[in-house]
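Asker: Generate coordinates for the sequence data below:
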Amino acid sequence: MKYTPSHIQKPTQELISIITVNYNQAKVTCELLKSLSRISYLAIEIIVVDNASSEGTEMISDQFPGIKLVCSNKNLGFAGGNNLGLKEAQGKYILFINNDVEVSPDFLEPLVARLSHLDTTAAVSPKIKYFTPGTTIQYAGSYAVNPFTLRNTHIGTGETDYGQYNEPRLTSYAHGACMLVKKSVIDLIGSMDECFFLYYEEQDWCERMNRHGYHIFYVPQSEVFHKESMSTGKNSPLKTYYLSRNRILFARKNFKGLQFLISMLYLICISIPKNIISLSKEKEKLSAYFAGIVWNVTHKKSYH
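Answerer: Residues are numbered from 1 along each chain as shown. This next block holds a predicted model:
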């Protein structure tokens, strides 16, 4: 199926730049692009950033010649890949969307309506469901990162959707799998911190938005479906490494004084012993877990 974006745009629609990052998942990325070709919002440009894939990139450009394909000569991670795409973006609003997501045809209109409603709104995310079976919620808003455990949880995760989270609400964080952000806000506060590479970059970014006085909304009238963790593996050592590393990095950047001290005491006295026990039979993951901790010891730049 060939795709070329429509040049017939409703005059009231603002241009949206849709950015997604591909890494050795051309087939999955094409499935996203196919779902985007059916959306009802017409004023879009689609930017695919290829993070130095070893195969399959030509499939994307062959099947969807109307997109902007930006090829990096190295893997920049989630934040770096999106930031590279951002340099090409012309839209008033920027949609960051994982390549392992598929969208509903009318998912953009409610997001735009909420984002444009107030000047103080910086970002919005839709209701996100797991792709299989398609009725289970992954995200219906988010709680802030707990200053003790350095973890945060999404509202509604694992619940069957029967409309219990159908009211828009303020939320601590947008979801990196699908978030619409004002370009003007990005110009003011800066883009995602590429130091994270994978995981916690959107939480850190949203904390920056919050510190600048902006709000973030969950918008349930918009729905997308997430295949989740296809690029890193659901429980891979790579995921273990970056989660371990970036929880501490997040604390270093966003917690201060007593709050930071308590989070580190919790890590040393409770979290590390607990993970040693839980990962004791998975040596590769245990090694990755400690490597994430050691990274923070050897990279001593102060974020306070």
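Asker: need the helices for the stretch 51-200 of the chain, in chain order.
Answerer: Secondary structure of the stretch 51-200 of the chain (DSSP state H, counting those that start in this stretch): helices located at 57-63, 77-86, 108-117, 183-189.
Asker: Is it possible to get JSON lines of the ones you listed that adds mean neighbour count?
Answerer: Any C-beta I mention is one placed from the backbone N, CA and C, and that applies to glycine too. JSON lines is the format used below for these (neighbours: other C-beta atoms under 10 Å):
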{"stretch": "helix 57-63", "mean neighbour count": "15"}
{"stretch": "helix 77-86", "mean neighbour count": "23"}
{"stretch": "helix 108-117", "mean neighbour count": "19"}
{"stretch": "helix 183-189", "mean neighbour count": "15"}
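Asker: need the least confident one among those helices, by mean pLDDT.
Answerer: Among those, helix 57-63 has the lowest mean pLDDT, at a mean of 92.
Asker: if we can go back for a sec, closest one to Glu201 among the helices of the stretch 51-200 of the chain?
Answerer: helix 77-86 (4.3 Å; C-beta to C-beta).
Asker: other SSEs contacting that closest one?
Answerer: strand 16-22, strand 44-51, strand 68-72 (3 or more C-beta pairs under 8 Å, 6 or more residues apart in numbering; DSSP states H and E).
Asker: Out of those strands, which is the most enclosed?
Answerer: strand 16-22 (a mean of 25; mean count of other C-beta atoms under 10 Å).
Asker: just to revisit the earlier point, let's have the helices of the stretch 51-200 of the chain in a markdown table, adding distance to Asn246.
Answerer: As requested, the helices of the stretch 51-200 of the chain are exported to a markdown table (distance: least, C-beta to C-beta, whole Å):
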| stretch | distance to Asn246 |
| --- | --- |
| helix 57-63 | 28 |
| helix 77-86 | 11 |
| helix 108-117 | 26 |
| helix 183-189 | 19 |
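Asker: Do you have the strands of the protein handy? List them.
Answerer: 16-22, 44-51, 68-72, 93-97, 101-103, 121-130, 137-139, 169-170, 178-182, 215-226 (DSSP state E).
Asker: what packs against the third one?
Answerer: What that stands for is strand 68-72. Packed next to strand 68-72, using 3+ C-beta pairs under 8 Å, 6+ apart, are strand 44-51, helix 57-63, helix 77-86.
Asker: Gly292 - nearest residue in space that isn't next to it in sequence?
Answerer: Ser244 (2.9 Å; C-beta to C-beta, 6 or more residues apart in numbering).
Asker: Same list, the strands of the chain, but as TSV with distance to Leu33 and mean pLDDT please.
Answerer: Putting those into TSV (distance: least, C-beta to C-beta, whole Å; pLDDT from 0 to 100) gives the following:
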stretch	distance to Leu33	mean pLDDT
strand 16-22	8	98
strand 44-51	7	98
strand 68-72	11	96
strand 93-97	11	98
strand 101-103	10	98
strand 121-130	18	98
strand 137-139	21	97
strand 169-170	31	97
strand 178-182	15	98
strand 215-226	14	98
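Asker: wait, which of those is closest to Asn152?
Answerer: That would be strand 137-139 among these, by C-beta to C-beta, at 11.3 Å.
Asker: Sheet partners, orientation included, of the closest one?
Answerer: strand 121-130 (antiparallel) (DSSP bridges).
Asker: Just want the angle from the partner strand to strand 215-226.
Answerer: Angle, strand 121-130 to strand 215-226, by axes from the mean of the first three to the mean of the last three C-alpha atoms, to 10 degrees: 30 degrees.
Asker: Can you list the low-confidence ranges for the stretch 201-304 of the chain?
Answerer: For the stretch 201-304 of the chain, residues meeting the criterion pLDDT under 70 lie at 229-234, 302-304.
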